[in-house]
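In: the sequence isn't on hand, but the structure is:
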């Protein structure tokens, strides 16, 4: 199985296929339609290898988080690699994640071959996972110095909303150590649970 290809872009074919030349061997890799690079440019792609009875297809992504989202889409029943790639060609990965987390199936209707029921199935099956993921990312990005405290609380199983409430008006010096801020947040969460 191929996990990553690094080489030179040797050309493009129809249907979102690029040829990656790796030391004289040209690999045909399917990429999202928004992919743009000039020929002879250095390229590095994270690869998903799809093996079928009649073919071995490579799907490439510029970033690991895109590959992870591609694989997450394929966990939905009736979504294969070609459909997942088509979905990822509609918009940026972060915008797609936010739309699915918000329950917006209309964004997925733009994809050829995805009807209303299929779009709703994708939203239903991935919404909760993506709400946690996008909520945690937004919470951490907006938290500034508390990012590590939030990550620790999320790791302990608290929701993003509980983390946000625990850190609001904590009454601890902002320059206090992470250990002190985490301890104060846990005490506050424990006091709420006891009520």
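Out: Perfect, I can see it now. Quick caveat: nothing in here was measured; it's all calculated off a predicted structure. Residues are numbered from 1 along each chain as shown.
In: helix/strand/coil for the residue nearest to the spatial centre of the chain?
Out: In the chain, the centroid-proximal residue (C-alpha atoms, centre = their mean) is residue 69; its distance is 4.1 Å. The local conformation at residue 69, judged by DSSP: H, G, I helix; E, B strand; the rest coil, is helix.
In: what ranges does this protein have for its helices?
Out: 64-73, 81-88, 93-101, 116-143, 147-155, 160-167, 178-194 (DSSP state H).
In: what mean pLDDT does the first one get?
Out: So the one you mean is helix 64-73. Helix 64-73 carries an average pLDDT of 92.
In: return the distance of residue 88 relative to residue 71.
Out: Note on residue 88: its distance to residue 71, by C-beta to C-beta, to the nearest Å, is 11 Å. (Glycine included, C-beta is placed from N, CA and C.)
In: again but with residue 153, I slipped
Out: From residue 153 to residue 71 the distance is 27 Å (C-beta to C-beta).
In: where does this protein have low pLDDT?
Out: Along the chain, segments meeting pLDDT under 70 span 132-147, 160-161, 169, 171-175, 191-195.
In: picking up where we left off before, show me the common contact partners of residue 88 and residue 71, please.
Out: When C-beta atoms under 8 Å, 6 or more residues apart in numbering defines a contact, no residue borders residue 88 and residue 71 alike.
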